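Chemist: Build me a structure from this.
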Amino acid sequence: MTNDCVFSISTTRFNEEYTPSTNSRSTTNFANLARGEGRRQNLRNAVTMMNTRVNEVVHWDNPRGDRYALELDIVSVDLHLASAGDDAAFPVIEVLDVDIVDTTTGARTEGIVGNNFSSYIRDYDFSVRLPGHQATGIPSDFGDLHGQVFQRFVESDEYRERFSRPPVICISVSTSRTYRRLTNYHPILGVEYVAEEKSLTDQYFGKMGLRVRYFMPQGSVAPLAFYHRGDLLNDYSFLALAGTIATMETFQKIYRPEIYNANTAASEVYQPSLDNGNYSLPQVSYDRVERTQLATTQGKFTEVNLMKPYGPVLERWATKQSA
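Modeler: You can find the predicted model right below:
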């Protein structure tokens, strides 16, 4: 096996004391919440929302609704390219690892890694490469390299030594697609929805080796998209699934309140819209415009510092590893 490229993992606790690393993607949703004079209260409110929600989902043997607390670690993944020199490392992926603590017994349950997903190469694909092909349409190999890099990471020794189960990425449903409610119901994930057709995001995550199912948990107002490798319903404990729901629904209420903090729940046939005016704002500040602008800046940074000088090396390595 070639060692042209190897991964390294570092973690940062996400709580009210969180301060973004100088090496972290500045577009990451975590960093956006941790800026400004009210950063500490901002983070405290977000964590409180998560803990409140996990106790709503895991309500049995929980009479006061405060039995469980989440511990979140930001997982930053660097890619080391031998051809770039011994000290050269490029930040490629950032995900979130969630554990669930039973404050009554002290027991700790391993949650799910993934949840939120940030990627420099994805910024490049969507902010630089895709706009350059507007006239000719989406390239057939769009997302191939990113997908191969992600799969190499999940199959790496570094991942397997630290995490026992495959990742699950949980994000918003697409505003360009219509979803239909099914009769299938899961005790934690809730009622299942199905999309009439795949979105570009679905196709992009598909190249990462992930397929998607959509569920709206009890007490939620819109379905979430769960991108997963194995059996979503049976590979993870109820507590682990509840930890992901509480974490990512909270983030979506902050990022997309028009959908996830709407005042009416999704109907049987549902098309999410950011034009919905009937919603409530959570007590957490988030600059969505800034995030969009920074995604473009970091996509160009990736083009200059990774894709142009090392793109061919990266492609050969990823292709060889997947052969």
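
Chemist: where exactly do the helices run in the stretch 51-200 of the chain?
Modeler: Listed in chain order, the helices of the stretch 51-200 of the chain (DSSP state H, counting those that start in this stretch) span 120-124, 144-154, 157-162, 200-206.

Chemist: Measure how buried the residue nearest to residue 195 when sequence neighbours are not counted is and give me the count.
Modeler: Closest residue in space to residue 195, ignoring its immediate chain neighbours: residue 177 at 4.9 Å, by Cβ to Cβ, 6 or more residues apart in numbering. Yep, even glycine has a C-beta here, placed from its N, CA and C like the rest. Look at residue 177: counted by other Cβ atoms under 10 Å, it has 19 neighbours.

Chemist: Residue 177 and residue 273 touch, don't they?
Modeler: No - Residue 177 is not in contact with residue 273 according to Cβ atoms under 8 Å; the separation is 11.4 Å.

Chemist: tell me the most buried of the helices of the stretch 51-200 of the chain?
Modeler: Greatest average neighbour count among these goes to helix 120-124 (a mean of 24), per mean count of other Cβ atoms under 10 Å.

Chemist: Next one: residue 114 from residue 267, what distance?
Modeler: Distance of residue 114 to residue 267, given as Cβ to Cβ, to the nearest Å: 29 Å.

Chemist: Between those two, tell me which one has more neighbours.
Modeler: Each of residue 114 and residue 267 has its neighbours counted (other Cβ under 10 Å); residue 114 has more, 26 against 10.

Chemist: Contacts only, for that one.
Modeler: By Cβ atoms under 8 Å, 6 or more residues apart in numbering, the residues touching residue 114 are 95, 96, 167, 168, 169, 170, 227, 244.

Chemist: give me that answer again for 10 Å
Modeler: 75, 95-98, 154, 163, 165-170, 210, 226-229, 244, 248 (Cβ atoms under 10 Å, 6 or more residues apart in numbering).

Chemist: Local confidence estimate at the residue nearest to it when sequence neighbours are not counted?
Modeler: Nearest non-adjacent residue to residue 114, counting by Cβ to Cβ, 6+ apart: residue 167, 3.2 Å away. Residue 167 is assigned 97 on the pLDDT scale.

Chemist: Among the contacts of residue 114, which lie within strands?
Modeler: 75, 95, 96, 97, 98, 168, 169, 170, 226, 227, 228 (DSSP state E).

Chemist: Just among the residues you listed, which is most surrounded?
Modeler: residue 96 (28 neighbours).

Chemist: From what I see, it and residue 18 are in contact.
Modeler: No - assessed by Cβ atoms under 10 Å, residue 96 is found out of contact with residue 18, at 11.8 Å.

Chemist: Give me the below-cutoff pLDDT ranges for the stretch 101-250 of the chain.
Modeler: Within the stretch 101-250 of the chain, not a single segment meets pLDDT under 70.

Chemist: per-residue confidence at residue 283?
Modeler: So residue 283 comes in at 85 (pLDDT).

Chemist: how about the nearest residue to it, chain neighbours excluded?
Modeler: The nearest residue in space to residue 283 (Cβ to Cβ, 6+ apart) is residue 45, at 5.0 Å.

Chemist: which SS class is that neighbour?
Modeler: helix (DSSP: H, G, I helix; E, B strand; the rest coil).

Chemist: what number of residues lie near it?
Modeler: Residue 45: 19 neighbours (other Cβ under 10 Å).
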